[in-house]
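Trainee: give me coordinates for this.
(chains A and B)
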2 protein chains.
Amino acid sequence: MPACAWVNGSFVSGDEPCLGFRERGFLYGDGLFETVRVYQGKPFALKQHLARLREGCQVLKIPYPREEIEKGLQEVLGSGELQEGTLRITVTRGEAGRGLLPSSDTKPTVVISAHVGEPYSAEAYERGFRAVTVSFPRNQFSPLVSLKSLNFLENVLGRLEAAGCGADEGIFLNLKGEVAEGTISNLFLVFPGDLIVTPHLESGILPGITREIVIRLARERGFTVEEKAVFPEDFRRAQEAFLTNSLLEVMPLVAVDGREIDSGKPGCVAPLLRKAYQGYVFQSVAAGE
Amino acid sequence: MPACAWVNGSFVSGDEPCLGFRERGFLYGDGLFETVRVYQGKPFALKQHLARLREGCQVLKIPYPREEIEKGLQEVLGSGELQEGTLRITVTRGEAGRGLLPSSDTKPTVVISAHVGEPYSAEAYERGFRAVTVSFPRNQFSPLVSLKSLNFLENVLGRLEAAGCGADEGIFLNLKGEVAEGTISNLFLVFPGDLIVTPHLESGILPGITREIVIRLARERGFTVEEKAVFPEDFRRAQEAFLTNSLLEVMPLVAVDGREIDSGKPGCVAPLLRKAYQGYVFQSVAAGE
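Mentor: Next up, the predicted model:
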């Protein structure tokens, strides 16, 4: 199964043109997306992803195309070709004429693309991620900061900065100098006494679905999890750190800006929580949730 | 001539699919654009627009596709069908696989779309624009703030806010509370003593090409033009205000947040500078610049 997508009702391959030049997702990044991990042919936490997408559409005043999304998901998953992999669900305001102001009859575009394969290798988890601080701040006051919008260029630039330093991830500070999030991930720090700290939503972060699940799973396992302001110097005191998103699951973070966290090797909390996460995933998938 | 575009070497109509779903302009807003006014079949200030586009490509580390842009412009303008209207030149990083990090062999996408017709009516200039302050701030620290990138969703939201209040334009303040720019325009205030003030680049604005030209033309006509921090309360003291961009040229601004500027009618400086601008346009077009 090569990269393919369902676009407004039709299947297209990766090389096939399917979007017009008046598509507002292309013109202005006027849309949203969700990245959903598929395990054993089942999309995990789909309900939460679609709820976030629907809320985002409300903020952007895009009519939520529920039926099209449901139809597309059925058709993409129906063939059973995508067993282990990723779905990207993109919703935009649709095609329209010139100018920022959309006409009221603009019909949303729905693209659901499928990508086969485990997103990260076992080796990546053994090694852990190295991160650098991005050179420009996240604006925690932007309405976009809590949306997974198509305005993802700051994240692209942050990721390019990281790659330029040989790092795997870039970490944004917000305008107060607090640690916010990675370019593709939420961030957690582990301290002595089974304490886990993660930047609160006020830091200017995407409310990650994996973040929420990991917070709950950690609490169920006896950890104290605090959502609060995190500062760069907290990395020096941390025993361990890790990153989360739907594809990373729980990825050890072993260094920031060349400074190793504790021993510079993955700790034991991240693997423990990844195992708990995967247990929850397989339970949910088996239950058809 | 209905809406049509030159896309990577081919002409397409507005309804024709021409972009793939892996297009990074669509996935992440990973690209830039320029809006160029065409007068008498000639693109005005094209050199400046292309220079800004090239500089933006450098910031984003997108190889500048000079030859493709030149070829596209020749082909779009060659038919002579576009006499009075607008070109939008869009350059993106191109099509790529999953993930934020582009592969090094990604080939940029070039889209040049043509839109026939005068962008604004004579009536709009007689009436003037009414603006509202956008409810969220511009981050003057973002590297995107000085680029005309495809991450234009804050501008879309600002424009929607304005439309919701029956206004024509939304004005962004920056994080210091200074007046920055409109969602599609730069902003000028006129004070007694032939003084014109416009937010300086440090306010977090797009360095507008029309802005630059209008500053020069105003100085040539004896005005003192200061680029500096502008505050919302300055609107109360202003005799007159106006907005500039390539399509608006020089548009009177007659009210902000329901409060009229001076008499609430277009003043005399905006029409004077629009006339000077149009004189310069026709001189440049005649000279083939």
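Trainee: please count neighbours and contacts with C-alpha atoms only from this point.
Mentor: OK.
Trainee: report the beta-bridge partners for the residue positioned nearest the centre of chain A.
Mentor: Residue closest to the mean C-alpha point of chain A, counted by C-alpha atoms, centre = their mean, is residue A:245 at 4.8 Å. Assessed by DSSP bridges, residue A:245 has beta-bridge partners residue A:249.
Trainee: thought it was touching residue A:186?
Mentor: Yes - in this structure, residue A:245 is within contact of residue A:186 by C-alpha atoms under 8 Å, at 6.6 Å.
Trainee: overlap of the contact sets of those two?
Mentor: Jointly contacting residue A:245 and residue A:186 under the rule C-alpha atoms under 8 Å, 6 or more residues apart in numbering or on different chains are A:208, A:211.
Trainee: low-confidence stretches in chain A?
Mentor: Along chain A, segments meeting pLDDT under 70 span A:1-2.
Trainee: pop the domain breakdown of it in here.
Mentor: A:4-116, A:122-285 (automatic domain parsing).
Trainee: which one, of those, ends up nearest to residue B:120?
Mentor: domain A:4-116 (11.6 Å; C-alpha to C-alpha).
Trainee: what about that closest one, how long is it end to end?
Mentor: 10 Å (C-alpha to C-alpha, to the nearest Å).
Trainee: now that domain, how far from the chain's geometric center?
Mentor: Distance, stretch centre to chain centre, for domain A:4-116: 15 Å (C-alpha atoms, centre = their mean, to the nearest Å).
Trainee: that one and chain B, are they touching?
Mentor: Yes - applying C-alpha under 8 Å from any C-alpha of the partner chain, one finds domain A:4-116 in contact with chain B at A:5, A:14-22, A:25-30, A:60, A:98, A:100-101, A:111, A:113, A:115.
Trainee: which ones among those map onto strands?
Mentor: Under the assignment DSSP state E, the residues of domain A:4-116 next to chain B contribute A:5, A:111, A:113, A:115 to strands.
Trainee: next, give me the two most distant ones among these.
Mentor: Using C-alpha to C-alpha, these reach their maximum pairwise distance at A:111 and A:115, which is 13.0 Å.
Trainee: of the two, who's got more company?
Mentor: A direct count of neighbours by other C-alpha atoms under 10 Å in any protein chain shown for residue A:111 and residue A:115 places residue A:111 higher, at 27 against 22.
Trainee: partners of that one in the sheet?
Mentor: Under DSSP bridges, the beta-bridge partners of residue A:111 are residue A:7, residue A:90.
Trainee: how about the helices in the stretch 101-250 of chain A?
Mentor: Secondary structure of the stretch 101-250 of chain A by DSSP state H, counting those that start in this stretch: the helices cover A:122-127, A:153-164, A:209-220, A:234-237.
Trainee: tabulate these (CSV), appending distance to residue B:135.
Mentor: Formatted as CSV, the helices of the stretch 101-250 of chain A follow (distance: least, C-alpha to C-alpha, whole Å):
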stretch, distance to residue B:135
helix A:122-127, 42
helix A:153-164, 21
helix A:209-220, 27
helix A:234-237, 33
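Trainee: which of the ones you listed is buried the deepest?
Mentor: Each of the helices of the stretch 101-250 of chain A was scored by mean neighbour count; the highest is helix A:153-164, a mean of 22, by mean count of other C-alpha atoms under 10 Å in any protein chain shown.
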